[in-house]
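A.B. asks: pasting the sequence and the predicted coordinates here, then a few questions.
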Amino acid sequence: MAYSDRFAGKVAVVTGGASGIGKAIAARYIQDGGKVVVGDVQIEKFDEVIAELGAENVVCRKCDVSVREDVDALIQTAYDKFGGFDAMFNNAGVNIFKDFLEFTIEENDYIFNINYRGVFNGSQAAAKAFIAHGTAGAIVNTSSINYRCCGPNTTPYAASKGAISVFTRGIAVELAPYGIRANCFCPGSTDTPMVGKIARDRFPNYTAPKLAIKRMADPSEQAAVACFLASEDASYMTGESIFNVGGWGIS
Ligand code: NAD
C-alpha cells in the first residue's frame, strides 16, 4: 500500500536497476507516485522488471555505466519517454571478493571502471542535463559500509566506494549553486545477488558479531533511505554519506 505520493509527476533514472537494491529503488520510487528509467547491462532481466513494476511506470534500456555514450542515451530516454527527470540514482556496482595479495591490477581496474567511473559518468551527465533544463535535481550515489569499515577480501571495492563518497562531497559543493543536491547512502550487508549468497557461504560468522541488528538488510530497507535522499524531505542535505548498516561498527 502506498503511503506517500511524494514522487507524483516526478521521474528517476536508476542504474543497476534490474536487480537487488537498484530494482528496490525503482519499485519504491514508483510506489510513491513516480516513473523510472532503468539502465543495466543485464538486459535478460528487463521483462521481469517490467512485469513487476508495470509497463506504464518503467522503461528499461541497455546501459553500461562505464560508457559515457550509454549514460547520455539513458538520460535522453527520460526526456523522450517522460519529458525529463528529477533524480539520478547512480547505483550500478560490482565486487570481486578476493584476498588483496591475489588481486590483479586488471581486477582492480574493472571494479573502479564500473563503480567510480560509472558514478562520475552518471553524476556529470545528470548535472549537465539538470542545468540545461533548469531542474533542481537530486543525485543519489550508492556507496557502502566499506567506505567506513574494511573487511577482508574487499579492499579495491572499498577504495572505489571511498572514492564515490569523497567525489559526492565535491560535486555537492560544485552543484549547490544550481540547486542540485548530491548525497550517498551506504548500505551494510543487504540480501541481493551480489552479496546475499556470498555472505552466507563465505562469512557465516563474520558479519553477525559486528551487527547490532543481527540480519542482512532487505533491499527495500536500502531503497527507503535512497528515496528519502532524492525527496524534498532531504532538501537541506547535500554531500552526505548516510550509513544504513544495522548498527555495524557501533560496538
Ligand atoms: P546486484 O548485483 O543485485 O545489482 C547490481 C546491478 O548493477 C546488477 O543488475 C548489474 O547487472 C548492474 N551492473 C553491473 N555492472 C554494470 C554496468 N557496467 N553498467 C550498468 N549496470 C551494471 O547487487 P546490489 O547488492 O543490489 O548492488 C547495488 C549497489 O549497492 C552496488 O553499487 C553495490 O556496490 C552496493 N552495495 C551493496 C551492498 C550489499 O550488501 N548488497 C552493500 C553495500 C553496497
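C.D. replies: That came in fine, so what should we check first? Remember, predicted model here, so these are calculated numbers, not experimental data.

A.B. asks: residue 194 reaches residue 95, doesn't it?
C.D. replies: Yes: counting by C-beta atoms under 8 Å, residue 194 touches residue 95, with 6.1 Å between them. C-betas here are computed from N, CA, C, even on glycine.

A.B. asks: compare those two (neighbour count), which wins?
C.D. replies: Set side by side, residue 194 and residue 95 show more neighbours around residue 95, with 20 against 17, by other C-beta atoms under 10 Å.

A.B. asks: ok but that one is inside a helix, no?
C.D. replies: No: Residue 95 is assigned coil when assessed by DSSP: H, G, I helix; E, B strand; the rest coil, not a helix.

A.B. asks: which other residues reach the helix or strand hosting residue 74?
C.D. replies: Here residue 74, judged by DSSP states H and E, is contained in helix 68-82. Contacts of helix 68-82 from elsewhere in the structure, counted by C-beta atoms under 8 Å, 6 or more residues apart in numbering, are 11, 13, 15, 35, 37, 39, 59, 61-65, 84-85, 88, 118, 121-122, 125-126, 129.

A.B. asks: does it come close to the ligand?
C.D. replies: No: residues of helix 68-82 are not located near the ligand by C-beta under 6 Å from any ligand atom, the shortest gap being 7.6 Å.

A.B. asks: which residues of this protein lie near the ligand?
C.D. replies: Within reach of the ligand by C-beta under 6 Å from any ligand atom, the chain has these residues: 15-16, 18-22, 40-42, 63-66, 91-94, 114, 142, 144-145, 187, 189-190, 192-195.

A.B. asks: on that earlier part again, may I see the PyMOL selection of the buried members of the contacts of helix 68-82?
C.D. replies: Those of the contacts of helix 68-82 that count as buried under 16 or more other C-beta atoms under 10 Å are selected in PyMOL with:
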select buried, resi 11+13+15+35+37+39+59+61+63+64+65+84+85+88+118+121+122+125+126+129
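
A.B. asks: and stretch 209-220, end to end?
C.D. replies: Terminal residues of stretch 209-220 lie 23 Å apart, using C-alpha to C-alpha, to the nearest Å.

A.B. asks: how about that stretch: buried residues?
C.D. replies: Neighbour-count burial for stretch 209-220 [16+ other C-beta under 10 Å]: 210, 211, 216, 217, 219.
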